[in-house]
Each structure stands twice: as structure tokens, then as C-alpha cells.
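> using only what follows, build the 3D model:
(2 chains)
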Protein chains: 2
Amino acid sequence: MAKSIFYHAGCPVCLSAEHDILNLIDPSTIEVIHLGDNTDKIAQAEHAGVKSVPALVTPNGNVLHINFGASIQDVKG
Amino acid sequence: MAKSIFYHAGCPVCLSAEHDILNLIDPSTIEVIHLGDNTDKIAQAEHAGVKSVPALVTPNGNVLHINFGASIQDVKG
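Residues are numbered from 1 along each chain as shown, chains lettered A, B, ... in the order given. Model (predicted):
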């Protein structure tokens, strides 16, 4: 099965959501990407349809925006 | 393990998110509640902290608001 990708930016809302998601979904099926530390991945996240973080991109390409930590524009800045 | 509760209201965003979540998380660990069909559960959802649907309440009581289908106020109306 393809992996899901969890994008976050280290904000408190992100970390809380990451903790919950990794409790609910087998962590081996999720790649976690910190956009603050990996700014070169921001374009990839935007291309996938990520508008804000934290967000989970499912194996079939859907984007689940979870709560609201920061907009992708804020992460860029 | 306690179950998560997925609250939705039958909206397209809700159904899409429900489909994704049930693909990612073992469905036997999730209770799905349609608030449009079960208006008596709206108070329970609000008490759990649900502000909009679809939302997933985790076993430890955290609320993950997923994308945005409808506010809980709209579901009441």
C-alpha cells in the first residue's frame, strides 16, 4: 500500500494532530514531513493540494486538512 | 482500545472524508454517527468539542476537525 504523507510545521496544533494520527494509523504507513525544516518540500505539498498544516495526504491523493495550525503561505514566509 | 467517533452530516465533504478515514483506520475501531439522522447526538458532539463536521473524536478525547463540511450550528438548523 502506498504511504500517506503527514505534512506539518512544528506548531502546537500540528504536533498534537501528529500524535493523534500516529496513534490511530499504523505509523509505518505514514511519512511525516516537517515543512519548516524541509522548505524544499513546500512545492510538493502545494502541488498535492495542501492549503494549511497539519494535513494528511492519503495514498489515493486526497488531502485531509486537520484542524488548523498554519496556512501554507505562512509556512513559506 | 476505546473507539474513535467520526461525526458527519452526510455532506459531500463528510462522505469523502469518511471514505478516506475508514481506509486508513481499522473500521472496527471507529463509530460513525450521522448527526443529520441522529439529531439527539448533536449535544454529545458539541460536548466533545466538535465545532464542524466531519470531525473525528479520538479515544483520548481530542477532536480532529477534518476539512470543512458544515458547522455544528448549521447541522442543528
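> count the neighbours of A:Ile33 for me.
A total of 18 residues lie near A:Ile33 under the criterion other Cβ atoms under 10 Å in any protein chain shown. All C-beta spots, glycine's among them, are computed from the backbone N, C-alpha and C.
> that one and A:Thr58: what is the separation?
Counting by Cβ to Cβ, to the nearest Å, the gap from A:Ile33 to A:Thr58 is 15 Å.
> where does chain A have low pLDDT?
Scanning chain A with the threshold set as pLDDT under 70 gives A:1.
> up against chain B, what does chain A have?
Residues of chain A lying close to chain B by Cβ under 8 Å from any Cβ of the partner chain are A:4, A:16-17, A:20-21, A:23-25, A:29, A:56, A:58-60, A:62-68.
> list the ones among those that fall in helices.
If you go by DSSP state H, the residues of chain A next to chain B have A:Ser16, A:Ala17, A:Asp20, A:Ile21, A:Asn23, A:Leu24 in helices.
> got these as CSV, with neighbour count columns?
Formatted as CSV, those follow (neighbours: other Cβ atoms under 10 Å in any protein chain shown):
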residue, neighbour count
A:Ser16, 17
A:Ala17, 25
A:Asp20, 21
A:Ile21, 24
A:Asn23, 14
A:Leu24, 20
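> having no further points to raise, I will conclude here.
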